[in-house]
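# Starting from these lines, generate the structure:
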Amino acid sequence: MNGRADFREPNTEVPRPIPHIGADYIPTEEERRVFAECNDESFWFRSVPLAATSMLITQGLISKGILSSHPKYGSIPKLIFACIMGYFAGKLSYVKTCQEKFKNLENSPLGEALRSGQARRSSPTGHYSQRSKYDSNVSGHSSFGTSPAADNLEKEMLPHYEPIPFSASLNESTPTGITDHIAQGRNFS
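Now for the predicted structure:
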């Protein structure tokens, strides 16, 4: 022994360093295959159905008069917008599924980065665990472990608003609770 104590359990696996995945990263052949598969599946199984459904719903709303059509171009601009939003909603809805496919790859630096990123996200450290002084603080204690004087300073810096009672609404459709006592006390018969 060299004078240093080794506190690791025997037969434990030493974690590998997180691979650097940057703009210069060249995916492996298996990763390219998964990229193509994700792109194809997200298009046919999510984007096309959501785009078609959103266009049908939009056309139905225009036909019923709920949405108005353009005087010159008719329903085309709204249908194009619905199609584009459905397309992107379909692509975004498939992101988690695609990430799982990459995590399941055996010898993939990208899969390893996603797996280690998930572990890092479950136990945040450093910059990601710090909270802004303007964040709401449910527990009443600062996440930085500061002194009570700093907590008081933080409370003084943030604006304090009193809750508005429900009856103080300016909406004319709701009663305000104001009554005319003179009109109730008189009998005009």
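# For stretch 70-79, buried residues please.
Within stretch 70-79, the residues that qualify as buried by neighbour count (16 or more other CB atoms under 10 Å) are Ser75, Lys78, Leu79. Yep, even glycine has a C-beta here, placed from its N, CA and C like the rest.
# Output the contacting helices and strands for the longest helix seen in the chain.
Taking DSSP state H as the assignment, the helix of the chain that covers the most residues is helix 76-93. Secondary structure elements in contact with helix 76-93, counted by 3 or more CB pairs under 8 Å, 6 or more residues apart in numbering; DSSP states H and E, are helix 29-42, helix 48-63.
# so which of these is the most packed in?
With neighbours defined as mean count of other CB atoms under 10 Å, the helices and strands packed on helix 76-93 peak in mean count at helix 48-63, which reaches a mean of 16.
# can you list contacts of it?
Residues from elsewhere that reach helix 48-63, judged by CB atoms under 8 Å, 6 or more residues apart in numbering: 67-69, 75, 78-79, 81-87, 89-90, 93.
# Over that helix, what's the mean pLDDT, rounded is fine.
Per-residue confidence for helix 48-63 averages out to 97 on the pLDDT scale.
# what's the angle between it and helix 76-93?
Computed with axes from the mean of the first three to the mean of the last three CA atoms, to 10 degrees, the direction of helix 48-63 lies at 150 degrees from that of helix 76-93.
# and the angle from helix 48-63 to helix 29-42?
Taking the same axes, to 10 degrees, one finds helix 48-63 and helix 29-42 inclined to each other by 20 degrees.
# if I pick Ile80, what's in contact with it?
Contacts of Ile80 (CB under 8 Å, 6+ apart): none.
# now the one 4 residues further on
With contacts defined as CB under 8 Å, 6+ apart, Ile84 is in contact with Ala51.
# Let me know the distance separating it from Glu100.
27 Å (CB to CB, to the nearest Å).
# Adding distance to Gly22, write the helices and strands packed on helix 76-93 out as JSON lines.
Converted to JSON lines, the helices and strands packed on helix 76-93 look like this (distance: least, CB to CB, whole Å):
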{"stretch": "helix 29-42", "distance to Gly22": "15"}
{"stretch": "helix 48-63", "distance to Gly22": "32"}
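# hmm, back to that, of the contacts of helix 48-63, buried ones?
Those of the contacts of helix 48-63 that meet the buried threshold are Ser69, Ser75, Lys78, Leu79, Ala82, Cys83, Gly86, Tyr87, Ala89, Gly90, by 16+ other CB under 10 Å.
# out of those, who's nearest Arg32?
Of all the buried ones among the contacts of helix 48-63, the one with the least separation from Arg32 (CB to CB) is Gly90, at 21.8 Å.
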